[in-house]
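Asker: have a look at this fold, sequence not included:
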Ligand SMILES: Cc1cc2nc3c(=O)[nH]c(=O)nc-3n(C[C@H](O)[C@H](O)[C@H](O)COP(=O)(O)OP(=O)(O)OC[C@H]3O[C@@H](n4cnc5c(N)ncnc54)[C@H](O)[C@@H]3O)c2cc1C
């Protein structure tokens, strides 16, 4: 780790001012992605601006048709929230499947979403649940937010404040874990919304990060059963390949996990 | 015997088990035996746990000294590269940097290579030699090389600074002028003609090439056989993944000219002896302290370059120097394990009897030979638990541009067990025998013990078929089909695997115990083994407490300081309880004999009139008595401290054995494997503390299963770069991926030592690789799968199913 200066602002304005006042700053939330990168000397921001003391970034609120989660909310808090469980059980299950106990008590939904790791879980929920991302300066639709591996629509210095999920009619999450890291190696978040639209978001597999599998959505819109996906395949050339899962295997896993998500609507399925 | 010039045999020494029975035991020895045998076997909770879980452990990095500085290491980014020069200028100008040292400085200061002595040399170790029969070139291990780096991560410079961060900053500024060289990392490829040479001294990289066994007899048996089954296996490279990364703190005192090293290891005495040679000093001028060790598994038995570097740097700087590896550095440069390619042939008669075996074993030692234990230990056990009259083994070791390998939990034994147990499956499969019956008919029977196997190892004792029967019963083998049918309803393929095993425990033959009765009413035992979680503080205290008949809380085990512990073989090869237990028993007997003499004098009688019971010396048929602590106090002035020192050497190996059964569920669609049942039976000889032995078995199973299922030191073939540099890519067993184990201990006492101990630390690991793979192959049998490469990751299993699906 290189030397760095730690800040803990209490307001969004203060945080943005700190960011803009320094040449090389980085926001810090749960630190469970950023700190390991710093320790490995892969990143060297001179200023770390901790966003967790900013009141707007914390708290969970559930309304008739929305689940609103502050960016600095820890995975464990989402996993354990009874109101969220009643509204979108698959979202709680997803949060509860991230990493291990320690990770879930430090890592945050905002950090995970802002980071957009292609193997992270949350981006699939954000995309499938047609969420709206509120930042310190604007509102972004999920479809516009994720822009490729580790890339989002957030401008430099823009703070992710909260995420507003649409409560679906039903949703399911199926995740095949990487045998080493236990991040998703292929995972599918399937939601049927109250307007009848089905959104299938795939994470862990695509070589451009999280994506919507539109062919699957079309089939499931007519018939929300695992059988509706029979015979549907993805092009392996669009998948990531590594020592744990070559691209053809990932493509296969995506199809299997999508079926299993449909089999497990209202739940989370982890393998 | 064979006509080959370089044929060696381990059977040339007269084996103690083949010699006449030793003389009668002394009365004290009888007493301690009786005492021990009455009391051991209790599942006492571990004394050390309270201390360890409340943060009172003393691990290497917990030590700090006034004025301490910090070291960072500059490592090779290339698998093979010449060092054309190292420019320290910028690093030395970096804030806080105090010292930069390179391989040139090593040569200038006459710092010598680590005398690893890699070729195992007890009478019962297989004698490994170069092809021409000479002692092999094993590659000098300088603390920093001056010529070239031979693997990614090899240390080429040390930077010492006021803080750890400054040292790391400085290390980035050391400019090495690298010249990349052709490299080879793969085991089989390294031994192929034309492979890039790791050492100019050994152009073909193969530096050990020895053939064991009766070549002509084997050839004749093969010629006469009805069937020959052949296979090739790669028991891949893994690493130890200790919870505590290795660390060292070195300090030099210019006044006394003594060095002190705090460094957790598998035995401080070896560290002291070898590092004093590196520094060119007398062993007495180096004190090594090794207290709590956060995991070893073999990775810490040998000397690390950083241990020598901090001592040397401390002398140059006049201040203590600390080095603590990161987990990533540990992944890259902890001594690694396994990596054996074995080609096996089994000659079989039509009724299923095994007639002969040939094995060609190639061990990848990495950039230099640190230890040939894996090759050697496995060499003696290629025939496994089976009575195979003839066998020949060609044992080779090869250099490659990878991190060095070392003995890793159950060194060499899981590899050869994997080979023979996979061969049993393949033979049964190909020739239509029942897998279990084929094994059964070929097992070494108890009546043949002590049994000399075809490469000369003498199995001391064991009831192999009984182990097998018990394991099958515990695992409910006979009701498997019902479970399989149920699993099928959930889309799962249930498979079952079985493996017998026999392993050897040799280890450094010498051990010393010192026992002292202290005035404060405690017993202090000084011993030279080094636990890293095995619970010696409890089990050793238990042994001594039982023998001296005092409460176990009163016994304190002192380890890990070479100023106190002068002799000690360390902890490896499952030697600790057997060696330490035996020498502690002998020392206790000596102590009781001395106590008897002193108490007789005190009570005005003769030693023959003294009985010892409940920690009290009593004149027979009287109430004249004195307890052992009081005796110590009352005779101190006249006779000195009540204290004994006992040395013991035991050379005869023991052969723990057993069987393991695994049941796996394979997800038909994804290839995901879940172990649902795991059963083992382990003959550890006499069991001192079953709680601790079970703990060792559980850990051992997890480690073996880990290798079979997830663990792999993967290397990118194109670049030679290790791919599994962190836990993100190196898969480990976890509590939720392990079933609850059913383990039973079988106690067939070993005739080789007075306590009848074999060993209990490695048996969990030895059969695990084979039994897991056997189970997975069984589960995949409907796809025509007959073999699969470890680790059996989901991708590998899916690929195997697919290949099967496409073929049919
Ligand atoms: C051992 C381990 C296992 C893990 N397993 C999983 C897993 O299975 N699945 C999974 O999805 N994740 C996993 N993670 C990642 C974990 O969920 C992280 O916590 C998460 O990805 C990042 O969240 P954070 O709060 O820690 O963010 P940080 O590490 O603090 O920040 C991450 C990035 O986001 C930026 N950032 C943070 N907050 C904001 C904000 N409010 N506005 C703008 N930018 C912001 C930071 O500048 C940084 O670039 C694992 C992590 C570890 C260490």
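Answerer: Cool, the structure landed. Everything quoted here is computed from the prediction, not taken from an experiment. Numbers count the residues shown, from 1 in each chain, chains lettered A, B, ... in the order given.
Asker: span of stretch B:173-192 from start to end?
Answerer: Criterion CA to CA, to the nearest Å; first-to-last residue distance in stretch B:173-192 is 39 Å.
Asker: where does the closest residue to the ligand within chain B fall, secondary structure wise?
Answerer: Proximity to the ligand, evaluated over chain B using CB to the nearest ligand atom, is greatest for residue B:727 at 7.2 Å. C-beta coordinates here come from the backbone N, C-alpha and C atoms, glycine included. Assigned by DSSP states H and E, residue B:727 falls within no helix or strand.
Asker: my read: it touches residue A:181, true?
Answerer: Yes - if you go by CB atoms under 8 Å, residue B:727 and residue A:181 touch, sitting 7.3 Å apart.
Asker: now do the shared contacts for the two.
Answerer: Counting by CB atoms under 8 Å, 6 or more residues apart in numbering or on different chains, residue B:727 and residue A:181 have no common neighbour.
Asker: for the stretch 101-250 of chain A, what lies in contact range of chain B?
Answerer: The stretch 101-250 of chain A comes close to chain B at residues A:176, A:179, A:180, A:181, A:183, A:243, A:244, A:245, A:246, A:249, as judged by CB under 8 Å from any CB of the partner chain.
Asker: mind pulling up the pLDDT for residue B:574?
Answerer: Residue B:574 is assigned 68 on the pLDDT scale.
Asker: residue boundaries of the strands in the stretch 1-150 of chain B?
Answerer: Under the criterion DSSP state E, counting those that start in this stretch, strands of the stretch 1-150 of chain B are mapped to B:7-8, B:69-75, B:81-87, B:97-102, B:148-149.
Asker: out of those, nearest to chain A?
Answerer: For chain A, the closest of those is strand B:69-75, at 11.0 Å, according to CB to the nearest CB.
Asker: so what does the closest one touch, helix or strand wise?
Answerer: In terms of contacts (3 or more CB pairs under 8 Å, 6 or more residues apart in numbering or on different chains; DSSP states H and E), strand B:69-75 is packed against strand B:155-161, helix B:164-172, helix B:305-317, strand B:321-324, helix B:327-333.
Asker: need the ones you listed in CSV with distance to residue B:267 and mean neighbour count, can you?
Answerer: Supplementary listing: those in CSV, determined by distance: least, CB to CB, whole Å; neighbours: other CB atoms under 10 Å in any protein chain shown:
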stretch, distance to residue B:267, mean neighbour count
strand B:155-161, 23, 25
helix B:164-172, 28, 21
helix B:305-317, 13, 25
strand B:321-324, 20, 25
helix B:327-333, 19, 20
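Asker: tabulate those (TSV), appending distance to residue B:485.
Answerer: Output for those, formatted as TSV (distance: least, CB to CB, whole Å):
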stretch	distance to residue B:485
strand B:155-161	57
helix B:164-172	59
helix B:305-317	56
strand B:321-324	54
helix B:327-333	43
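Asker: possible to save those as JSON lines with mean pLDDT and distance to residue B:218?
Answerer: Shown next, in JSON lines, are these (pLDDT from 0 to 100; distance: least, CB to CB, whole Å):
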{"stretch": "strand B:155-161", "mean pLDDT": "98", "distance to residue B:218": "44"}
{"stretch": "helix B:164-172", "mean pLDDT": "97", "distance to residue B:218": "54"}
{"stretch": "helix B:305-317", "mean pLDDT": "98", "distance to residue B:218": "42"}
{"stretch": "strand B:321-324", "mean pLDDT": "98", "distance to residue B:218": "50"}
{"stretch": "helix B:327-333", "mean pLDDT": "96", "distance to residue B:218": "40"}
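Asker: dump these into CSV; add distance to chain A as well.
Answerer: As requested, the helices and strands packed on strand B:69-75 are exported to CSV (distance: least, CB to the nearest CB, whole Å):
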stretch, distance to chain A
strand B:155-161, 13
helix B:164-172, 6
helix B:305-317, 19
strand B:321-324, 13
helix B:327-333, 7
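Asker: which one of those lies closest to residue B:637?
Answerer: Smallest distance to residue B:637 across the helices and strands packed on strand B:69-75 (CB to CB): 42.4 Å, for helix B:305-317.
Asker: touching the closest one from outside, list them.
Answerer: In contact with helix B:305-317 (CB under 8 Å, 6+ apart) are residues B:69, B:71, B:73, B:98-99, B:101, B:109, B:111, B:114, B:141-144, B:155, B:158, B:160, B:246, B:248-252, B:259, B:261, B:263, B:265, B:271, B:275, B:278-279, B:286, B:320-323, B:325.
Asker: right, and the helices and strands packed on strand B:69-75 - which one's nearest residue B:540?
Answerer: The nearest among the helices and strands packed on strand B:69-75, by CB to CB, is helix B:305-317 at 25.9 Å.
Asker: how much space between the residue lying closest to residue B:715 once chain neighbours are set aside and residue B:371?
Answerer: Nearest non-adjacent residue to residue B:715, counting by CB to CB, 6 or more residues apart in numbering or on different chains: residue B:185, 4.8 Å away. When distance is defined by CB to CB, to the nearest Å, residue B:185 is 19 Å away from residue B:371.
Asker: try residue B:129
Answerer: Distance from residue B:129 to residue B:371, by CB to CB: 16 Å.
Asker: cool, and residue A:15?
Answerer: Distance of residue A:15 to residue B:371, given as CB to CB: 55 Å.
Asker: what of residue B:556?
Answerer: According to CB to CB, residue B:556 stands 32 Å off from residue B:371.
Asker: tell me which of the two has more neighbours.
Answerer: With neighbours defined as other CB atoms under 10 Å in any protein chain shown, residue B:556 and residue B:371 compare such that residue B:371 has more, 26 against 17.
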